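K.L.:
kindly return the folded structure for what I paste below:
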Amino acid sequence: MNAKELALSLRAPLTFRSSLRFPIQSRESRRDLVIGALWLFVPVVGWLLNMGHRVRVVHRMQNGQYPWPAWGDPAELLKHGALTFLGMMMYGLPGVSLACLGAWFNLTPLMVVGALLWLAAVVAIPGYMSHYCKVYDPREIFDPFRALGRVRQGGLAYWKAWAMVVPLMLLSFAGLLLVGVGFNFTSVWFWQSAAFSFGTVFTQTFDLDARK
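P.N.:
Numbers count the residues shown, from 1 in each chain. Below you'll find the predicted structure:
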């Protein structure tokens, strides 16, 4: 990897500024962002392709490669996006189901338990994403207890990443002011920033970029 070309790598200190700048740090990264935004005009498939794109970018960085351009082989991107999305569904389904049942039967305790389970799922998901990126092993996705254990090992650095991701998410909604279409671009920017933030934490914590 050419260090001069990649100003912000997964070994860079994680700051709000580095998370904000990561997706727009080079001509290639900006081009990929625009392609991702255009793909979002294709329902479902475009979203999954963007997910797969983020997986590939982190994978390349973990393996010492320059990450962009990363839109080649869309079938592979779709596979990575679908697998990681299935993991999200599996993690979130229990909490969402309980919350819906609680709302249906007007049982507040059930809604509270469902909401807490859903929050636990949101917290756990970054715990498998970066490890899946390393070698594309699906077993990394479908083990919520392992994912939560990695979150615990991430410690304060993990919560620091969340402290950056949340305001970046809020900032991305500014794209709605640009006739709504701008949100395609700002949402792709946000998700790439989030992937960089959590990828940095887990790559550094577990040395996922180590050469064997």
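K.L.:
name the helices or strands packed onto the stretch of helix or strand Leu78 belongs to?
P.N.:
Assessed by DSSP states H and E, Leu78 sits inside helix 74-104. Applying 3 or more C-beta pairs under 8 Å, 6 or more residues apart in numbering; DSSP states H and E, we find helix 74-104 packed against helix 45-62, helix 108-135, helix 144-172. Just so you know, the C-beta spots here come from the backbone N, C-alpha and C atoms, and that holds for glycine as well.
K.L.:
ranking the ones you listed by burial, who's on top?
P.N.:
Of all the helices and strands packed on helix 74-104, helix 45-62 has the most neighbours on average by mean count of other C-beta atoms under 10 Å, namely a mean of 22.
K.L.:
and the angle for that one with helix 74-104?
P.N.:
Angle of helix 45-62 versus helix 74-104, following axes from the mean of the first three to the mean of the last three C-alpha atoms, to 10 degrees, is 120 degrees.
K.L.:
what is the orientation angle of helix 45-62 with helix 108-135?
P.N.:
50 degrees.
K.L.:
got a pLDDT number for Ser9?
P.N.:
The score at Ser9 is 89. That number is its pLDDT.
K.L.:
check the secondary structure at it for me.
P.N.:
What DSSP: H, G, I helix; E, B strand; the rest coil gives for Ser9 is coil.
K.L.:
give me the low-pLDDT residue ranges for the protein?
P.N.:
Under the criterion pLDDT under 70, the flagged ranges of the chain are 1-6, 212.
K.L.:
mind redoing it with 50?
P.N.:
Counting by pLDDT under 50, the chain has low-confidence residues at 1-4.
K.L.:
so who does Ala147 touch?
P.N.:
Tyr91, Ala124, Ile125, Gly127, Tyr128 (C-beta atoms under 8 Å, 6 or more residues apart in numbering).
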